[in-house]
Structures are given as structure tokens and as C-alpha cells.
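[1] My questions concern the predicted model and sequence given below.
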Amino acid sequence: ADAQRSGGKALRAAIARVCTEATTAVANGAPLVVLTDRAASAERLAIPSLLATGAVHQALIKLKSRTKVGLFADVADAKEVHDFATLVGFGADGVCPHLAYQAIGAMAAADGVQPSTAMAKYQKAVSFGILKVMSKMGISTVQSYKGAQIFEAVGLGDEVIDLCFTGSTTRIKGVGFDVLTEDALRYHAAGYPPDGREPDLQNWGDY
């Protein structure tokens, strides 16, 4: 409801709240910060994982505590190689794509395949994909890649860059939190149809 009424202001405030909670936990001695969207529901909109991860990473850097704590993303919107590559590139130490695992497990069971076998193949494919991205950039270790922010942002405005991806290049500028909130609301409505029916997700023909 807040996102529908306030748009980008609500998203920005939610990200700031998560950053405050994370930095407070680290200041109190927490060795690991886990960012999760498992509480998302028909009434609760999840913060896009890359925005949350990047913002918390930057907040911990400003606190001079980033090297003292692990940052883990337990998220539903990570599914393909680029999602993992950007999450790690903007600060995540590890990623658990829980929704992708659920989908793979369900499809494997329906096809008579062991879910654990299917998920192991998925993990292997993603790992090879990340290595391919790193190799194209001339990076040989995950430690050098993690949090390096070597991506150029295309179509993101300064307010998003300043909060979530501080220092990243964004030559053509672009959208702010208002448009990102509209996108998040649209995907949320597709996942939680208002009439209670099963989601009918569109095939965008990406593959």
C-alpha cells in the first residue's frame, strides 16, 4: 500500500531502513548479514535484491565495517547468470536463489528426475556462467570480482546510483526510484493476481 501511494519515496525509505538495520546489527557484533525477501506476500512488496544488496554494501563501507562481515542474499529474483554476476559484483558474498530452487525442484519431480540432481546441474551452470563473465573482464578470482562494481549502469538516475551503487559509471543517466517502484509493482501483481487465481506469468521470449 505504501509503495502504491508513495511510489519511489516508499522504496527509498525501505532501502534506507534495511541499511540502518544492517549497520546496527554489524555495530552490535553480527558477523553475517542475510538479506531475504521470504516475507514477501500479496500484501508485502519485496525490495529488488540488487538495490538492497548494493545499498547495504555501500552502507557498510561508509561504516568501515565491510571487511568484517559477510553479506548474503537469500532472494527470489535471482535466476540467471547476469543476476548472480551483478549481485556478487555489487557486494554479495553468497546468493541463495530460493525461488529458482523451488521451481527447478518442482519441474524435476514432474519429470521424474531427482530434484537434488537438477539443482546441482543448475548450480554448476551458474558457476560456469559467472566464471565466463569474470574471464571476459580479465578477472581471475572471485575475491577480486566481489564488490568491484565494474559494471556500467545503463538507464539509472543519480538518486539510485548514489544510494545503491555509489561510484558506478552511468553516462546516460535514466530512471529513478519512482519508475523502479512501478516495475516492482507490475511484477508483484503478476505474481499475486488480485482475484486469487494461479499466476499466469508471461513468456517474454528471452530464450
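    It's in. Numbers count the residues shown, from 1 in each chain.

[2] From here on, just use CA atoms for contacts and neighbour counts.
    Will do.

[3] roughly how far out does the longest helix that the chain contains sit from the chain middle?
    Looking across the chain with DSSP state H, the single longest helix is helix 115-136. How far helix 115-136 lies from its chain's middle: 17 Å, per Cα atoms, centre = their mean, to the nearest Å.

[4] Give the buried residues for the helix or strand that comes right after it.
    Following helix 115-136 in sequence order, the next helix or strand is helix 142-145 (DSSP states H and E). The neighbour-count check on helix 142-145 (16 or more other Cα atoms under 10 Å) flags residue 145 as buried.

[5] Give the next helix or strand downstream of helix 142-145.
    Assigned by DSSP H and E, the successor of helix 142-145 is strand 155-156.

[6] can you tell me the average pLDDT over that next one?
    Averaging pLDDT along strand 155-156 gives 94.

[7] and what of stretch 178-193?
    Mean per-residue pLDDT for stretch 178-193: 91.

[8] Which strands or helices does the longest helix of the chain pack on?
    helix 81-89, helix 98-110 (3 or more Cα pairs under 8 Å, 6 or more residues apart in numbering; DSSP states H and E).

[9] out of those helices, nearest to residue 175?
    Closest to residue 175 of the helices and strands packed on helix 115-136, according to Cα to Cα: helix 81-89, at 18.4 Å.

[10] now that closest one, how far from the centre of its chain.
    Here helix 81-89 shows a centroid-to-chain-centroid distance of 8 Å under the convention Cα atoms, centre = their mean.

[11] List the buried residues for it?
    81, 83, 84, 85, 86, 87, 88, 89.

[12] before we move on, back to that, so which of the helices and strands packed on helix 115-136 gets nearest residue 149?
    helix 81-89 (5.4 Å).

[13] on that earlier part again, in CSV, list the helices and strands packed on helix 115-136 along with distance to residue 12 and mean pLDDT.
    CSV is the format used below for those (distance: least, Cα to Cα, whole Å; pLDDT from 0 to 100):
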stretch, distance to residue 12, mean pLDDT
helix 81-89, 19, 96
helix 98-110, 25, 94
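
[14] can you tell which of those helices is closest to residue 147?
    That would be helix 81-89 among the helices and strands packed on helix 115-136, by Cα to Cα, at 4.7 Å.

[15] by contact count, what packs against the closest one?
    Short answer (3+ Cα pairs under 8 Å, 6+ apart): helix 81-89 packs on helix 49-62, strand 94-97, helix 115-136.

[16] Please identify the most buried of these.
    Among the helices and strands packed on helix 81-89, helix 49-62 has the highest mean neighbour count (mean count of other Cα atoms under 10 Å), at a mean of 23.

[17] And the contacts of that helix?
    15, 18-19, 22-23, 35, 66, 71, 73, 75, 77-78, 86-87, 90-92, 147, 163-166 (Cα atoms under 8 Å, 6 or more residues apart in numbering).

[18] Okay, and the beta partners of residue 35?
    On the basis of DSSP bridges, residue 35 is bridged to residue 73.

[19] Might you report the residue contacts of it?
    52, 53, 71, 72, 73, 74, 75.

[20] please redo it, this time with the cut-off set to 10 Å
    Listed by Cα atoms under 10 Å, 6 or more residues apart in numbering, the contact partners of residue 35 are 18, 22, 47, 49, 52-53, 56, 71-75, 92, 95.

[21] Right, I'll call it a day here.
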